[in-house]
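# curious how this folds, go ahead:
(one chain, ligands or ions: 1)
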Amino acid sequence: MGCWNDIVSGTRYSFKALGDLFFPRKCAVCQTILACEERNICDDCRNDIPYTWFWSWPENPAEERMWSKVGIESAASLFFYRYTGGYGHILHKFKYRCNIPLGLETGRDLGKKMANGERCGDIDAIVPVPLHWRRRWSRSFNQADIISRGVAEGFSSQPEGKSIPVIRSLVKRTKMTSTQTRLSGNEKAENVKNAFRVNKKVALRLLSKGINHILLVDDVLTSGSTLAACATPLMLYFRVSVATIGFVE
Ligand SMILES: [Zn+2]
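Numbers count the residues shown, from 1 in each chain. Here you go, the predicted model:
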């Protein structure tokens with residue numbers, strides 16, 4: 001049986017090597033060609049990821065930023081993010097080039113770190129920040145949803161980790177907002193104000209099942225306006241923490 005497994009995994013490896021020969025896979029960060037055993041990001045770039053360590057840092061910069069808008073419990077981001085070049089490519093490739101495995105893997109990394117950190121280990125459920133249905137339809141997937149799945153997998157993969165549900169029916173985005181990137185801080189807050197609505201029935205059902213602490217997940221924490229607008233109606237029912245992949249300094 002062991003021998004058969006070796007043949008199967010060897011064959012799989014050979015197919016992968018053959019695929020790499022004709023369609024070389026590139027590192028999402030530095031674009032060098034990946035070795036057969038490397039996934040999405042080369043080992044050199046993986047060793048240099050500019051991690052924030054917010055998951056073990058009380059009163060970290062993400063929390064300070066969120067607290068200036070809304071009284072969440074805690075906040076964590078995986079790495080420091082810049083829009084252009086380097087590690088910014090990770091989110092760009094995932095979001096705009098539909099590299100779903102890269103999004104899942106990055107989410108898993110965040111989940112593992114949070115499960116072992118001191119700041120956000122006690123969450124009961126994960127809620128991805130929803131897109132408006134029209135944007136969701138044109139983009140074909142919600143990036144926050146993929147990251148949430150990864151975070152849940154990361155949590156449950158840890159020795160002490162528990163299985164945490166990802167809940168998509170709790171919050172709806174009722175307002176189609178224009179893109180936030182070119183707006184000032186105040187304009188951003190005004191743009192997303194009242195954009196989210198909580199389904200009361202779902203909220204009460206979750207509370208009755210003992211779900212009290214929600215982790216709200218998005219791809220990037222910039223001004224924090226979108227996360228604050230989404231957290232506000234949730235906080236009528238739950239304690240809320242937030243997590244993102246990127247943190248813009
Ligand atoms: Zn690289």
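
# outline the domain layout of this structure.
1-48, 49-247 (automatic domain parsing).

# with mean neighbour count and mean pLDDT added, can I get those domains in CSV?
Heads up, the C-betas are built off the backbone N, CA and C, glycines and all. Below are the domains of the chain laid out as CSV (neighbours: other Cβ atoms under 10 Å; pLDDT from 0 to 100):
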stretch, mean neighbour count, mean pLDDT
domain 1-48, 12, 75
domain 49-247, 18, 90
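
# include distance to the ion when you put the ones you listed into JSON lines, please.
Formatted as JSON lines, these follow (distance: least, Cβ to the ion, whole Å):
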{"stretch": "domain 1-48", "distance to the ion": "3"}
{"stretch": "domain 49-247", "distance to the ion": "9"}
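
# ok, which stretches of this protein are strands?
For the chain, the strands defined by DSSP state E occupy 75-80, 125-128, 171-173, 196-198, 213-221, 239-247.

# shouldn't Leu91 be in contact with Asp218?
No. If you go by Cβ atoms under 8 Å, Leu91 and Asp218 don't touch, sitting 10.9 Å apart.

# could the strands of the chain go into TSV alongside distance to Asn99?
Below are the strands of the chain laid out as TSV (distance: least, Cβ to Cβ, whole Å):
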stretch	distance to Asn99
strand 75-80	16
strand 125-128	18
strand 171-173	24
strand 196-198	27
strand 213-221	13
strand 239-247	13
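
# need the contact list for Ser68.
Counting by Cβ atoms under 8 Å, 6 or more residues apart in numbering, Ser68 makes contact with Gly224.

# could you do the one 10 residues further on as well?
When contacts are counted by Cβ under 8 Å, 6+ apart, Leu78 touches 49, 51-52, 106, 109-110, 113, 244-247.

# right, and out of those, which lies closest to Gly71?
Gly71 has its nearest neighbour among these in Thr244, at 18.1 Å by Cβ to Cβ.

# so that closest one sits against Phe80, correct?
No. Using Cβ under 8 Å, Thr244 makes no contact with Phe80, being 11.4 Å away.
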